[in-house]
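*Asks:* please find the sequence and the predicted model below.
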Amino acid sequence: MANRPQPVKSVWQVAGTGALAGVALAGTLFALAFAAIAALLMATQASAITGGLSFNYILHVTGFTLFQALLSAVLSLLVAIPVALSCWRRQRQWNARLLVTVSFLPFVMPTTVAATGLIGVWGQKGFVSDILQAFGMAPLPPIYGLGGVLLAHVFLNAPLMLRVLTGALAGIPTSQWRLSSQWGLGPLQRFHLIEWPAIRRVIPGLLALVFLVCFTSFSLVLMLGGGPSVTTLEVSIYTALRFDFNLPLAALLSCFQLGICSLVVLILAVFTGPSWASLPDLYRACPEQLGDSSLPVKSVDGLILALFCGLIFLPLLALLVRGIGPHIVSVIQWPAFYRAALNSIFIALGSGFLATLCAFTLAHARTRLTVAGTPVAGLDIAVSLYLAVSAIVLGTGLFILLRGIADVFFMAPALVMLANMLVALPFAYRVLEGRMAGLAKSHDRLCDGLGIRGWRRLRYITLPAMAPEIGYASGLASALSLGDMTVIALFGSQQFQTLPWLLYQTMARYRAGEAAALAVILLILTLVLFTSHTLIARRFRRG
Amino acid sequence: MRFLSLPILGLSALIGFAASALAADKPVLTIYTYDSFASEWGPGPAIEKAFEADCNCDLNFVALDSSIGILGRVQLEGSSSKADIVLGLDTNLMTTARDTGLFAPHGASIDGRTALPVAFSDDVFMPFDWGYFAFIYNSETVTGVPASMQALIDAPDDLRIVIQDPRTSTPGLGLLLWVKSVYGDKAPEVWAKLAPKIVTVTKGWWDAYSMFLEGEADMVLSYSTSPAYHIVVDGTDKYKAAAFDEGHYMQVEVAAMLKNAPQPELAAKFMDFILGDQFQSIIPTTNWMYPAGNAALPDAFSGLITPSKSLLFTPDDVAANKSGWVAEWQTALSQ
């Protein structure tokens, strides 16, 4: 094969060596996940592999999990689309811009904390019931059940969708808006002709991402589900692994879960358009459209934004009300607090950087391979893999693989950073990939013509142009890692604590006040970390 | 470059920690325990200080996420484990733990040194504290508190309770065994009757307890000693445990030393230390459980309920039936 003449350029010659790095990285991701699962499969003597679970039960749980996850994803989308349109119309208002920027906060909080916030608003003694009772009405009925789970999933995921959708709207060329205002299109026609075609392309990918998040949801589903009939496959995996210590069963269930998730990602990938998320460029010139300043449109927008603000910020406000008080003073005097905060920031910055680097490499490979005309579904799946394989399976598998080689406790910081990086990767990847694909279209011919390629193109063209996306991706990845409670539960110890781990410990010792105070500190720290990323990125922005 | 200073600071802190761990020349006794035992507010720090006072050693608690997590970890590590002792298993896990063959007899005496309401004697597992499971309520807001399990089952459906999942939480499993020990084969019917009163079934103890504190439920499954925390730390006695006529199910927490303990002499010394006064007197107001030994109880414990009957399955019974009973529970509640 090697000495056969090659009349046409190979894929790699077209795509470049950078793409090779991305493909190698994707291969590593696949290998790591399967090595971890295989380690579990072969870890113990073959015990009764079915454990206490019947096949019918697994089918039933899978069916319910699918139903719940799809419904959550669709509902989040139905909430996010009108809000995105309103935000886009009101882009000159600071409050709409702020909403797009900080509404991701609930998503990166530890789920127990987010759920506490929700209960503070929608619970029996929450804001809403208080107000109802003040007017002499009955309090809200309990939210537990499928409804509670859906509410929580919309609360967590709709902001993520909002971010991506406004990004898609920002990608609409100014010329189209100009045409639209010349033709005098009304809001409905505009949606049909301009906005919908733009957001349609990002919807399948968004649904896939949120579907994965909801499919593997665990403690939130149990907490708000109301009973064991509202459950997910993830609960069964956890039970097999921890309660029954049946590692092969846990591995099999993980493969099953992985199969279903991959199938859904693949099906949705068929519908995905060429462009993905990009940062909402809210300062981009968009001529004011007909009717935007009319009273009906204005009031509808105001109402939509107010309702969405209520959905997102009231639970956060509930957390603040509980947490701000004398406990904050006592919490910040703990020596353990400083160690944990330092560790948290260190891990968050590290995994944010790594996730962005990997996401950039993978996104680059995806863009180049798409230009070279090669299918890229393999890359997409490699990235989503770590949303579909539960952290506890991955962690236990890694533990088995590493235990012979090194001291796991000594390596804990590195492992936590690595695992957090893997979890944040799909989000960072989605943010970078869309913008990069857009840039390739507009920059490729120009750069080729000028002979700018390789390192120089990266340094002087690509990086400055992508600075806002890079800042957002690394900010989001860092924030996700800062709020992580899953991975740290596997590798944390008294010697290596993070803030969520400390939060968990205060909870395990009845300390509700301190836990609430820690939650507030975590919230503020997340916001500061995220904002500093985007601010630094803005300084490098060009083009 | 100022933003780089944080990672560098973190890195140097890590290196500093690694160096201090390597530099210690005293023998290190490693104990795996659950996180809250080792935390600042748990018994860990005081016990460490007391034991180190005359062992010429360095006691190192390694905190894992739960008691089932401790067993899983030593099983994964097998004979290469660095742990000398595991502390924080309970009687429900004893048979499973014994069957792994990883643990060694402790060689310390138990007889006459314990103050448990049931007879306990074992050459491998050493009890260190115990408690009763109980439903906690707020006496200022809840009236008509059921005086028995039967009364709870027959209570109107607007009495809302919040419990934990037996697959993920120790109290959750405790309630399952409690119902089973009172009702036997009728347990599924009992669960079906309880179902409308159950607000939700949470993953962990705190998820349920915090929901109760937020007013989402009238009663929460916890320990009979929970009110003591609120008396000592919050200065309020409004939270009370409901005493049930049928008796209360118990949890006995145990420790065991590993067969391949790197420091067997120190481990044996610690196993003997467990039932001593120093260890036992630290337990009540840090772990909020009853001491397994004969230590004096603080005042806050004197007002707690004293169940007429203590219920406890043998470890073998639990190991043999746990999975089946959980499946039964799941079916009954999913109707």
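*Replies:* It's in.
*Asks:* which bits of the stretch 51-200 of chain A sit near chain B?
*Replies:* By CB under 8 Å from any CB of the partner chain, the residues of the stretch 51-200 of chain A that approach chain B are A:51-52, A:112, A:115-116, A:119-120, A:123-125, A:142, A:144. (Glycine included, C-beta is placed from N, CA and C.)
*Asks:* for the residue nearest to B:Asp245 when sequence neighbours are not counted, which residues are in contact?
*Replies:* Once flanking residues are discounted, B:Asp245 sits nearest to B:Ser148: 4.0 Å by CB to CB, 6 or more residues apart in numbering or on different chains. By CB atoms under 8 Å, 6 or more residues apart in numbering or on different chains, the contact set of B:Ser148 is B:244-246.
*Asks:* show me what the host helix or strand of A:Leu425 is packed up against.
*Replies:* Taking DSSP states H and E as the definition, A:Leu425 sits inside helix A:412-450. Judged by 3 or more CB pairs under 8 Å, 6 or more residues apart in numbering or on different chains; DSSP states H and E, the packing partners of helix A:412-450 are helix A:146-170, helix A:203-215, helix A:335-371, helix A:377-388, helix A:391-403, helix A:463-482, helix A:486-491.
*Asks:* so which bits of the next helix or strand after the first one are buried?
*Replies:* The reference is to helix A:146-170. Per DSSP H and E, the first helix or strand lying C-terminal to helix A:146-170 is helix A:174-183. Under the neighbour-count criterion of 16 or more other CB atoms under 10 Å in any protein chain shown, helix A:174-183 has A:176-177, A:180-181 buried.
*Asks:* where do the helices of the stretch 151-300 of chain B begin and end?
*Replies:* B:170-183, B:187-194, B:205-213, B:226-229, B:264-274, B:277-282, B:284-287 (DSSP state H, counting those that start in this stretch).
*Asks:* can you redo the ones you listed as TSV with mean neighbour count and distance to chain A?
*Replies:* Below are the helices of the stretch 151-300 of chain B laid out as TSV (neighbours: other CB atoms under 10 Å in any protein chain shown; distance: least, CB to the nearest CB, whole Å):
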stretch	mean neighbour count	distance to chain A
helix B:170-183	23	9
helix B:187-194	18	10
helix B:205-213	24	4
helix B:226-229	23	5
helix B:264-274	20	17
helix B:277-282	19	14
helix B:284-287	20	8
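*Asks:* hmm, A:Leu77 is touching A:Leu206, no?
*Replies:* Yes. A:Leu77 is within contact range of A:Leu206, at 6.6 Å (criterion: CB atoms under 8 Å).
*Asks:* now do the contacts for the residue nearest the centre of chain A.
*Replies:* With distances taken as CA atoms, centre = their mean, the residue of chain A nearest its centroid is A:Phe427 (4.7 Å). A:Phe427 makes contacts with A:160, A:209, A:473, A:476-477, A:480, as judged by CB under 8 Å, 6+ apart.
*Asks:* try it again at 7 Å.
*Replies:* A:476-477, A:480 (CB atoms under 7 Å, 6 or more residues apart in numbering or on different chains).
*Asks:* B:Leu221 and chain A: what is the separation?
*Replies:* 14 Å (CB to the nearest CB, to the nearest Å).
*Asks:* identify the residue spatially nearest to that residue, adjacent ones excluded.
*Replies:* Nearest to B:Leu221 is B:Ile163, by CB to CB, 6+ apart, at 4.5 Å.
*Asks:* before we move on, back to that, state the phi and psi torsions of the residue nearest to B:Asp245.
*Replies:* phi -150, psi 160 (degrees, to the nearest 10).
*Asks:* any idea how far chain A is from it?
*Replies:* Counting by CB to the nearest CB, the gap from B:Ser148 to chain A is 23 Å.
*Asks:* B:Gly72 sits in which helix or strand?
*Replies:* Element membership for B:Gly72 (DSSP H and E) is helix B:67-77.
*Asks:* and that helix, what does it pack against?
*Replies:* Packing partners of helix B:67-77 (3 or more CB pairs under 7 Å, 6 or more residues apart in numbering or on different chains; DSSP states H and E): helix A:391-403, strand B:28-34, strand B:85-90, helix B:91-99.
*Asks:* which ones are touching the residue nearest to B:Leu221?
*Replies:* B:172, B:175, B:198, B:201, B:208, B:221.
*Asks:* shared neighbours of A:Leu77 and A:Leu206, which are they?
*Replies:* With CB under 7 Å, 6+ apart as the test, A:Leu77 and A:Leu206 both reach A:Met161.
*Asks:* quick one, which of these two is more surrounded?
*Replies:* Comparing A:Leu77 with A:Leu206 by neighbour count (other CB atoms under 10 Å in any protein chain shown), the higher total belongs to A:Leu206, at 26 against 20.
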